[in-house]
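J.: following is a predicted model, sequence given first.
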Protein chains: 2
Amino acid sequence: MSNSVPDSEVTRKLARYIVDAQPGDLPAAVKKEGLRTLLNYVGCAVGGAKHEAVDIAVKALLPFSGVAHASLFGRAERFDIMHAAFINGLSSHVLDFDDTHLKTVIHPGGPVCSAIIAYAEQFKVSGEDFLNALILGVEAECRIGNCVYPDHYDRGWHITGSTGVFGAAAAVGKLMKLDEQQMLYALGVAASQPVGLREMFGTMTKPFHPGRAAQNGLFAAFLAQGGFTSSNQALEAKRGWCNVLSTKQDYSEITKGLGDTFEISINTYKPFACGIVIHPAIDGCAQLSTKHDLKAEDVAKVELKVHPLVLELTGKKTPQTGLEGKFSVYHSCAMAIIDREAGEHQYSDENVRSPKTIALRDKVEAVVDKAIHEHQADVTITTVKGEKLHLFVENAIGSLGRPMTNADLEAKFAGLSHDILEPARIKPLMDLCWNVEGLKDVAVLAQSGRAA
Amino acid sequence: MSNSVPDSEVTRKLARYIVDAQPGDLPAAVKKEGLRTLLNYVGCAVGGAKHEAVDIAVKALLPFSGVAHASLFGRAERFDIMHAAFINGLSSHVLDFDDTHLKTVIHPGGPVCSAIIAYAEQFKVSGEDFLNALILGVEAECRIGNCVYPDHYDRGWHITGSTGVFGAAAAVGKLMKLDEQQMLYALGVAASQPVGLREMFGTMTKPFHPGRAAQNGLFAAFLAQGGFTSSNQALEAKRGWCNVLSTKQDYSEITKGLGDTFEISINTYKPFACGIVIHPAIDGCAQLSTKHDLKAEDVAKVELKVHPLVLELTGKKTPQTGLEGKFSVYHSCAMAIIDREAGEHQYSDENVRSPKTIALRDKVEAVVDKAIHEHQADVTITTVKGEKLHLFVENAIGSLGRPMTNADLEAKFAGLSHDILEPARIKPLMDLCWNVEGLKDVAVLAQSGRAA
């Protein structure tokens, strides 16, 4: 734990950077990662749109919507932009399938993208400005996260919601062209509205967090734009956000290298719709199945050597529901062999209860090996013919060491959206994400993601 | 600091109590204090309605309002009920003149009353149910405050906003007739949305806190009503609200004596529109001025012996603005002699800059006396004729030891509202507060407080 003494301008330096940063300042690789973050976000928001939590929220909140300027991804209802930001943020996290800034476990896309896409439907925003705001919003939330991680998270804050408010406020404030004082106000009003306790994990209130963070960030930015005053030292003051919400603060994480390094460069995307801890084992099974063109009936035994956390978190031998399947390395590996993927579909109740899956699942054996790192797995499949197929996974697909390719992200997007959007609309929507910089008005992106 | 081990049903016991409690269970004295809390709240919300912070918020948020079912106190604009709750909560605290639960320094009326009055304009609520919900909401927020005070406040949370979300959610949930599970969800969604850092004191974001707490509580209750799930142990879990937001927890403060004791019984109301620390000195000056019918020109010298905090917090000798006047014991005592009160009017820029006030202010001398308790002051006024008038204030008016009478509260209400509402409407509005229990539909109260 390093507790640096803050200078008195931590929040101001961050605000000034956001106010000054121009699209032309962004390195090409950073913009590319911004586009990948956007594409992955849109796919997750579309994919989660029919979840029960989203149904409940839409029904409960529709009577309170203001003028419906904004669309929802994957749904037909329309809302005012603040409510739309909430619902889209909720959808984007409800499958636990969104992006991860591994250094802090923040899911950065949800709060930021939900806020600025909604904003862009009411107020004209160019694609260039949009991408810049997205990257700057992620920068703000992840740098603030770096400052307080891990203590802030260990204490029990769902860091995606607690820092996401800043990301959303900063990104929307950038689109509004707030001046430095207004941006300080926006960050100040954001600081007083952190969202998210980890106690809510496993309930609908978990995905509530990035949604409400997006909405709170918009709320803060609109008040700040009007001149609503706040502290100029919201982060570093004695009773500011970092001290009140964490016992560890490293303020240099916020102020050093602004404009030189970009947190979005280390954003990652989940290939599988389950906890990241079983991704190496799933990856190994899927790779062997593909390479040897395995079918369920070809397999006699699956032997896994895994990191201890795998059995601690996902050791469920006989899952009964799709949700329980996500906490079963046995089910996950069976599906990885049968379907060679592990998306939402592989975690349906139907798949978890299928006799074929259960038969294969029961052939999976997992043992803890302390020599195995969290991002590794050792997989041996013995076929009914007695052949032993072995693979040691050094870096699972989706990790920083082996990032998903653009084609992988498109396949994930297609899988998430194929039950939600008409097939002919999926590719054009992906193309809008990849080409967002060329748009004169980003509203078309939100409108194209709407369900008919 | 006492850290009790929680049972696993702290939140459930609170939820069950709120769900079960009936208007008929309330002792008469408790209901009476509920009415006083309501009257004081309405007066403060009316009085703050024209403040610049409220102007900014109304202008910024009006474009986002949903169907305008709800009125604002002291203003003509109308909003959907969630935004109205925010604005009324903001107004009610913007003058720092609202109620105080001294045990926790929570201002309990703002978050709770703002939420339920807005709710009652869209959904028919009887006065009996309304008063019950008000008292139960205050009970929830103050008990949770008692559990974590003082550490939670010392750490930097503005406890009015951080606990106010629970008060608003509980009170609205009661009006919705949520069942026990829904009430647990409401408290859970509330727990993930604490509002308010003390760093924001001195800015518009301070009164933002009770406003946003009211709005967040409504938001939580509507989601819970629809079945949006959350933790059942939002308060006591390892990563629940009490552990994450405080280092001290005394869970018995939440669960013991539910239905037997009522926190609203120890609510207090400020007689003067400034920090409570100078109330004894103001009270002494006003009493001597009244008793001896003093005018400014009669006074040669004012000598005060005060608690050390008085000069630490309000030692400003030459205030230049109304706001600065609130941090000047000298100005405050001068006005108390001239006008025999210290409401908002006595803290106008005009009064602070008036030569008459300045001349008297310069005759006030204050010395620290360690024998003087925080609620005491020793006042000696020497007249130009050489007479020495002395008063030792044991308990300032407005303290628990010398509560404001109903007539005092009415005078305060009249002072707050006389620049905002037409004179003929003030008395009927007060009467509606006093007689709220007899109303078949509380909407009339909100509508009667609206500016023409």
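T.: Structure's in. What do you need?

J.: show me where chain A has its strands.
T.: Secondary structure of chain A by DSSP state E: the strands cover A:70-71, A:78-79, A:99-101, A:267-269, A:299-306, A:364-368, A:377-383, A:388-393.

J.: out of those strands, which gets nearest to chain B?
T.: Between chain B and the strands of chain A, the shortest separation by CB to the nearest CB is 9.4 Å, and it involves strand A:78-79. The way it works is simple: take the backbone N, C-alpha and C, and place the C-beta from them, glycine included.

J.: check which helices and strands that closest one sits against.
T.: Applying 3 or more CB pairs under 8 Å, 6 or more residues apart in numbering or on different chains; DSSP states H and E, one finds that strand A:78-79 contacts strand A:70-71.

J.: pLDDT of stretch A:60-76, averaged?
T.: Confidence over stretch A:60-76 (mean pLDDT, whole number) is 98.

J.: tell me the contacts of the residue with the largest distance to the centre of chain A?
T.: For chain A, the residue at maximal distance from the C-alpha centroid (CA atoms, centre = their mean) is residue A:385, at 42.2 Å. Counting by CB atoms under 8 Å, 6 or more residues apart in numbering or on different chains, residue A:385 touches residue A:298.

J.: and the nearest residue to residue A:62 once chain neighbours are set aside, how many neighbours does it have?
T.: With CB to CB, 6 or more residues apart in numbering or on different chains as the measure, residue A:77 is the residue that lies nearest to residue A:62, at 6.3 Å, once sequence neighbours are left out. Around residue A:77 there are 17 other residues, counting by other CB atoms under 10 Å in any protein chain shown.

J.: cool, residue A:374 as well?
T.: Here the number of neighbours of residue A:374 (other CB under 10 Å) works out to 16.

J.: and of the strands of chain A, who's closest to residue A:448?
T.: Minimum separation from residue A:448 across those (CB to CB) falls at strand A:70-71, 8.7 Å.

J.: is that closest one in proximity to chain B?
T.: No: against chain B, strand A:70-71 shows no contacts by CB under 8 Å from any CB of the partner chain, the least distance being 10.7 Å.

J.: ok, and what's touching that strand?
T.: Residues outside strand A:70-71 that contact it (CB under 8 Å, 6+ apart) are A:78-81, A:83-85, A:118, A:121-122, A:446-447, A:449-450.

J.: buried ones among the residues you listed?
T.: Neighbour-count burial within the contacts of strand A:70-71 applies to A:78-81, A:83-85, A:118, A:121-122, A:446, A:449-450; the criterion is 16 or more other CB atoms under 10 Å in any protein chain shown.

J.: quick check: the farthest pair among these?
T.: By the measure CB to CB, the buried ones among the contacts of strand A:70-71 have their two most distant members at A:80 and A:449, which lie 17.5 Å apart.

J.: quick one: low-confidence parts of chain A?
T.: A:1-5 (pLDDT under 70).

J.: domain ranges for it, per the record?
T.: What the record gives for chain A is the domain set A:10-270+A:417-448, A:276-393, from automatic domain parsing.

J.: quickly compare those domains and say which is most buried.
T.: Using mean count of other CB atoms under 10 Å in any protein chain shown, the stretch among the domains of chain A with the largest mean neighbour count is domain A:10-270+A:417-448, at a mean of 24.

J.: all helices for the stretch 1-150 of chain A, in order.
T.: Under the criterion DSSP state H, counting those that start in this stretch, helices of the stretch 1-150 of chain A are mapped to A:10-20, A:28-47, A:52-61, A:81-94, A:109-122, A:127-148.

J.: now find how far off-centre the second one is within its chain.
T.: When you say that, I think you mean helix A:28-47. 10 Å (CA atoms, centre = their mean, to the nearest Å).

J.: residue contacts, the nearest residue to residue A:445 once chain neighbours are set aside?
T.: Taking CB to CB, 6+ apart, and ignoring the residues beside it in sequence, residue A:445 has residue A:432 as its nearest neighbour in space, at 4.9 Å. Residues near residue A:432 by CB under 8 Å, 6+ apart: A:439, A:444, A:445, A:448.

J.: distance check, residue A:432 against residue B:44.
T.: With the distance defined as CB to CB, to the nearest Å, residue A:432 ends up 50 Å from residue B:44.

J.: what sits against residue A:267?
T.: Residue A:267 sits next to A:33, A:36, A:37, A:99, A:100, A:101, A:108, A:109, A:138 when contact means CB under 8 Å, 6+ apart.

J.: now render those residues as TSV, adding distance to residue B:269.
T.: Supplementary listing: the contacts of residue A:267 in TSV, determined by distance: CB to CB, whole Å:
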residue	distance to residue B:269
A:33	56
A:36	57
A:37	52
A:99	51
A:100	50
A:101	48
A:108	46
A:109	48
A:138	47
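
J.: grab the nearest non-local neighbour of residue A:295.
T.: Counting by CB to CB, 6+ apart, the nearest residue to residue A:295 once its immediate chain neighbours are dropped is residue A:338, at 7.7 Å.

J.: show me what from the stretch 51-200 of chain A comes close to chain B.
T.: Residues of the stretch 51-200 of chain A found near chain B, taking CB under 8 Å from any CB as the criterion, are A:53, A:56-57, A:59-61, A:63-67, A:80-82, A:155-158, A:161, A:188-189, A:191-200.

J.: quick one, what contacts the residue nearest to residue A:333 when sequence neighbours are not counted?
T.: For residue A:333, the nearest residue in space outside its immediate sequence neighbours is residue A:285; the separation is 4.6 Å by CB to CB, 6+ apart. For residue A:285, the contacting residues are A:302, A:333, A:336, A:337, A:379, A:381, by CB under 8 Å, 6+ apart.
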